[in-house]
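Asks: Any chance you could fold what I've pasted below:
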Amino acid sequence: MMMWGYGYGWSMLWMVFWNLLWLVLLGILIWGIIRWLGGHMFRWAGHDLGSTPRSALDTLQERYARGEIDEATFERMRERLMASEERFPRSS
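Replies: Numbers count the residues shown, from 1 in each chain. Below is the predicted model:
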């Protein structure tokens with residue numbers, strides 16, 4: 001006696017369901033790991049995802065405070081920034 005459709009039906013439906021469930025769970029896990037690592041990488045690079053953007057003057061002051069640039073360079077760059085701010089004011 002031949003059994004047409006043997007192995008198909010509810011058991012096949014459950015197999016498809018469980019495979020899809022595992023794929024969705026795996027996708028959520030991968031998404032979570034990437035999101036978690038991505039957030040940490042931004043904080044390690046000196047950026048905080050929730051902070052407001054810093055101005056160029058803030059960055060310049062930090063560089064001067066760390067000793068990356070000398071006083072003459074700081075003053076020259078600050079004056080240049082102030083002049084560009086007067087010409088191109090930021091919209092609030």
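
Asks: can you list the domain ranges for this structure.
Replies: 10-49, 52-92 (automatic domain parsing).

Asks: Show me how far stretch 71-89 is from its chain's centre.
Replies: 31 Å (CA atoms, centre = their mean, to the nearest Å).

Asks: repeat for stretch 53-72
Replies: 25 Å.

Asks: What's the end-to-end length of it?
Replies: One end of stretch 53-72 to the other measures 26 Å (CA to CA, to the nearest Å).

Asks: Show the average pLDDT along that stretch.
Replies: If you average the pLDDT over stretch 53-72, you get 90.

Asks: If we go by neighbour counts, what in that stretch is buried?
Replies: 60, 64 (16 or more other CB atoms under 10 Å). Bear in mind the C-beta positions are built from the backbone N, C-alpha and C, glycine included.

Asks: which residues are contacting that stretch?
Replies: Residues outside stretch 53-72 that contact it (CB atoms under 8 Å, 6 or more residues apart in numbering): 74, 77-78, 81.

Asks: re the thing from before, which of the domains of the chain has the lowest mean pLDDT?
Replies: Among these, domain 10-49 scores lowest, at a mean of 80.

Asks: how far away is Tyr86 from Arg76?
Replies: Careful, residue 86 is Glu; it's not Tyr. According to CB to CB, to the nearest Å, Glu86 stands 16 Å off from Arg76.

Asks: One more: Met12?
Replies: In terms of CB to CB, Met12 sits 75 Å off from Arg76.

Asks: With Gly67 instead?
Replies: 17 Å.

Asks: What of Ala65?
Replies: Ala65 is 17 Å from Arg76, by CB to CB.

Asks: Figure out the helix or strand that Pro53 lives in.
Replies: According to DSSP states H and E, Pro53 maps onto no helix or strand at all.

Asks: do the same with Leu23
Replies: Short version, using DSSP H and E: Leu23 is in helix 10-44.
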